[in-house]
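Chemist: Here is a sequence together with a model predicted from it:
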Amino acid sequence: MNDVWSRTLRRAKRMINKQSFQTWISSMNCEGYKKGVLHLSVGSDSHRDWVMANYLSYIRVAASAACNREVTVEIKVQDANKPRLVVPVKKSSRHSRAVEHPSAIVAQHPTNGNLALAFDGFVPGECNEFAYSACQSVARQPASEFNPLYIYGQHGVGKTHLLCATTNSLRKTHSELSVLYQTAEDFTNEFFESIATKQTAGFRARYRTQDVLLIDDVQFVQSKASTQEALFHTINALQERGRQVVISSDRLPEELFSVKPKLIERFSSGLVIDVAPPEFRMKIRILRKKAELLDMELLDEVATYIAEMSCPSVRQLESMLTKLKGYSELKTAPISLEIAEAVLGRNGSGKKELTVEAIQDKVASYFGIGVSKLVSRDRTRSIVRARQVAMFLSRDMLGDSYPSIGKKFSGMCHAAVIHSYKLIRAKMIADPAFHCLIETLKRELGALRQQSAIQRHLDM
């Protein structure tokens with residue numbers, strides 16, 4: 001038993017930086033090794049949770065190499081009265097400083113996922129129910145159906161909530177699995193850090209031996225060729241071993257700029273799901289749910305007032321509620337419609353910003369056709385081009401989902417909207433004159449948005 005743990009420690013030490021190894025790994029106690037299972041214990045729940053989230057894969061790789069077989073690692077919080085079996089580890093310097101208790105150390109890597117985000121706190125609806133169901137399926141039985149799972153949508157619509165809820169659910173119901181949530185930015189930073197510190201083997205072990213890997217905001221790897229290569233091989237290694245991968249982005253795989261085709265193909269090989277901004281009724285449900293979580297009373301008229309604002313982001317809705325709650329507590333006054341108007345400003349439905357309908361009006365006027373023709377299924381060439389431009393601008397300037405845009409154009413399917421978006425984008429690249437036309441429309445539409453903002457300010 002002692003020999004297995006000693007050999008495991010020697011191998012793990014080569015993959016983990018010195019301070020982290022001394023803080024989290026060498027302080028662990030080996031309870032025994034039997035039939036391919038290495039039993040370890042630690043002194044606190046926080047120590048166990050951190051090792052499970054950040055270093056379990058390293059230990060598993062090191063133990064498997066030490067035993068020349070696949071090894072499972074189990075970690076428990078030890079009985080305080082039970083004597084510990086401590087295996088000495090040779091220090092690289094006699095001047096090494098004493099290691100503090102794990103809970104007092106600022107760890108090398110950030111906490112993997114927001115522990116407060118769960119499925120119970122997510123409000124499913126028409127705009128997100130497919131993504132919600134898919135994430136729940138992954139949490140129940142990873143790598144069984146949707147792999148990889150790619151979720152996309154504009155900022156603030158709940159993608160991170162879904163990934164963190166999936167992470168937390170997996171850790172709760174599948175404690176035997178190694179689950180890692182990471183942003184693409186942190187993945188990139190760790191990759192370059194591993195190169196600088198010559199710990200690329202440890203980086204590969206950390207990511208390629210996970211049972212479930214969740215990468216948030218993958219658009220961050222755009223134009224970063226070496227990071228893309230590392231991510232591709234990571235996903236490839238995981239899928240070859242039948243492990244689950246979940247990815248989020250603010251756009252479709254094929255819309256990612258300067259990303260290797262093989263990585264785009266890998267992203268697209270599983271289930272690709274859109275999370276759209278919430279509609280009015282959905283906003284009301286979200287506001288009521290968030291108010292319940294914040295333990296605040298929300299009047300129907302106040303919820304309606306907030307929902308009528310041109311605010312497509314769930315994160316913004318939460319921010320407004322938090323602002324109202326803080327004001328209410330500071331003034332020790334209930335939240336009335338008058339207080340909401342004073343605190344949040346007069347941004348009601350009568351003063352909405354740029355919409356799909358406004359874009360349709362502008363494009364129809366520019367091309368000299370009626371709006372009814374623009375939104376119809378008329379196949380006249382000039383009308384088709386104008387319709388494609390309007391759909392492109394709706395996606396480009398508003399970030400609306402393809403299905404929701406299609407509904408505003410006689411119920412066209414999302415594939416038709418995607419085709420229009422790609423076609424217009426390609427024509428802009430190939431035809432400078434057409435590019436100028438689109439930029440002109442965008443400037444004029446941007447001016448409408450600015451005028452709306454000025455009018456709201458004057459009304460306050």
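Modeler: Sure, I can see it.

Chemist: neighbours around S46, how many?
Modeler: Using other CB atoms under 10 Å, S46 has 13 neighbouring residues. Heads up, the C-betas are built off the backbone N, CA and C, glycines and all.

Chemist: SS state for it?
Modeler: helix (DSSP: H, G, I helix; E, B strand; the rest coil).

Chemist: Now do the buried residues in stretch 163-174.
Modeler: The neighbour-count check on stretch 163-174 (16 or more other CB atoms under 10 Å) flags L163, C164, A165, T166, T167, N168, S169, L170, R171, H174 as buried.

Chemist: Can you tell me which of the residues you listed is nearest Y58?
Modeler: Sorting those by how near they are to Y58, with CB to CB, puts R171 at the top with 17.4 Å.

Chemist: For the closest one, which non-adjacent residue is spatially closest?
Modeler: By the measure of CB to CB, 6 or more residues apart in numbering, the closest residue to R171 outside its immediate chain neighbours is V179, 5.5 Å from it.

Chemist: and if you look at G406?
Modeler: Spatial nearest neighbour of G406, chain neighbours left out: M412 (4.1 Å); criterion: CB to CB, 6+ apart.

Chemist: Wait, a strand at H39?
Modeler: Yes: according to three-state DSSP, H39 belongs to a strand.

Chemist: Okay, the residue nearest to G406 and P403: tell me how far apart.
Modeler: 9 Å (CB to CB, to the nearest Å).

Chemist: neighbour-wise, which of those two wins?
Modeler: Shown here are M412 and P403; by other CB under 10 Å, M412 has more neighbours (20 against 17).

Chemist: which SS class is the more buried one?
Modeler: M412 - assigned by three-state DSSP - is coil.

Chemist: quick one, phi psi at it?
Modeler: Here is the backbone geometry of M412 (degrees, to the nearest 10): phi -60, psi 150.

Chemist: likewise S249?
Modeler: Backbone torsions of S249, given as degrees, to the nearest 10, read phi -160, psi 170.

Chemist: again with the one 4 residues further on
Modeler: Dihedral angles of P253 (phi, psi; degrees, to the nearest 10) stand at phi -50, psi -50.

Chemist: residues in contact with it?
Modeler: By CB atoms under 8 Å, 6 or more residues apart in numbering, the contact set of P253 is Y150, Y152, I264, F267, S268, V272.

Chemist: Tell me the spacing between the closest residue to it other than its chain neighbours and F232.
Modeler: Spatial nearest neighbour of P253, chain neighbours left out: F267 (3.9 Å); criterion: CB to CB, 6+ apart. Here F267 is placed at a distance of 10 Å from F232 (CB to CB).

Chemist: who's more crowded, the two?
Modeler: Between F267 and F232, counting by other CB under 10 Å, F267 is the more crowded of the two (24 against 19).

Chemist: and the host helix or strand of that one, how far out from the chain's middle?
Modeler: In this assignment (DSSP states H and E), F267 forms part of helix 261-268. Between the centre of helix 261-268 and the centre of its chain there are 18 Å (CA atoms, centre = their mean, to the nearest Å).

Chemist: Could you list every helix and strand that that helix packs against?
Modeler: Here helix 261-268 touches helix 225-240, going by 3 or more CB pairs under 8 Å, 6 or more residues apart in numbering; DSSP states H and E.

Chemist: count of neighbours near Y55?
Modeler: Y55, neighbours per other CB under 10 Å, totals 27.

Chemist: Quick check: pLDDT value at it.
Modeler: At Y55, the model reports a pLDDT of 81.

Chemist: ok, and the closest non-adjacent residue to it?
Modeler: Nearest non-adjacent residue to Y55 (CB to CB, 6+ apart): W24, at 5.9 Å.

Chemist: Next, give me the two most distant ones among the contacts of P253.
Modeler: Among those, Y152 and I264 lie farthest apart (CB to CB), at 12.4 Å.

Chemist: In contact with the closest residue to C127 other than its chain neighbours: list those residues for me.
Modeler: If the residues on either side of it in the chain are set aside, C127 comes closest to A276, at 4.0 Å by CB to CB, 6+ apart. The contact partners of A276, taken as CB under 8 Å, 6+ apart, are C127, N128, G153, V157, D400, S401, P403, S404.
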